[in-house]
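Trainee: here are the coordinates; sequence isn't available:
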């Protein structure tokens, strides 16, 4: 697992985030959350759940967070992007850790979700910003 504290401090550890931080400071980022991440709170620690095969382990990160009674949030992909027509009819909000990190870092630097999502969500996911649709 990768966790981000104050967005610029990144660390990896074998220790559980539950032992390192108060549970009310932890936000588990998962594409299956009903809660939309609207802003980054520097007093929170954001847990990036890791690479999970979305077809085999559907909602695994959400279930893990719920079992631990943690807050959850998802990136605002649906709110700022639109589905594109593609040959495979493929649309996914599941991102790799580096993509989520790029989104969060760009949002923190720019304060713009469209800029952040453009930086981290590849067109191969089946989503683009509305102004990219012709």
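Mentor: Perfect, I can see it now. Computed from a predicted model, the values in this text were never measured in an experiment.

Trainee: Would you confirm that residue 102 contacts residue 122?
Mentor: No. Look at residue 102 against residue 122 with Cβ atoms under 8 Å: they stay out of range, at 10.1 Å. In this view, the C-beta of every residue, glycine as well, is placed from N, C-alpha and C.

Trainee: Have a look at those two and say which one is more surrounded.
Mentor: Taking neighbours as other Cβ atoms under 10 Å, residue 102 and residue 122 compare with residue 102 leading, 18 against 12.

Trainee: residues contacting the more buried one?
Mentor: Neighbour list for residue 102: 116, 119, 120 [criterion: Cβ atoms under 8 Å, 6 or more residues apart in numbering].

Trainee: Residue 30: which of those residues is nearest?
Mentor: Lowest distance from residue 30 to the contacts of residue 102 (Cβ to Cβ) belongs to residue 120, with 15.7 Å.

Trainee: surely the closest one meets residue 96?
Mentor: No. Using Cβ under 8 Å, residue 120 is not in contact with residue 96, being 9.3 Å away.

Trainee: Test for you: state the pLDDT assigned to the residue nearest to residue 103 when sequence neighbours are not counted.
Mentor: Taking Cβ to Cβ, 6 or more residues apart in numbering as the measure, residue 103 lies nearest to residue 120, with 3.5 Å between them; neighbours along the chain are not counted. Per-residue pLDDT puts residue 120 at 92.

Trainee: Do a quick rundown of the helices in the protein.
Mentor: In the chain, the helices defined using DSSP state H lie at 17-20, 60-67, 77-80, 97-110, 113-120.

Trainee: Distance to residue 29 for those - can I get that in JSON lines?
Mentor: Formatted as JSON lines, the entries for the helices of the chain read as follows, by distance: least, Cβ to Cβ, whole Å:
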{"stretch": "helix 17-20", "distance to residue 29": "12"}
{"stretch": "helix 60-67", "distance to residue 29": "8"}
{"stretch": "helix 77-80", "distance to residue 29": "12"}
{"stretch": "helix 97-110", "distance to residue 29": "6"}
{"stretch": "helix 113-120", "distance to residue 29": "12"}
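
Trainee: what sits against the residue nearest to residue 103?
Mentor: Residue 120 touches 95, 99, 100, 101, 102, 103, 106, counting by Cβ under 8 Å, 6+ apart.

Trainee: That's all I had, so thanks and see you.
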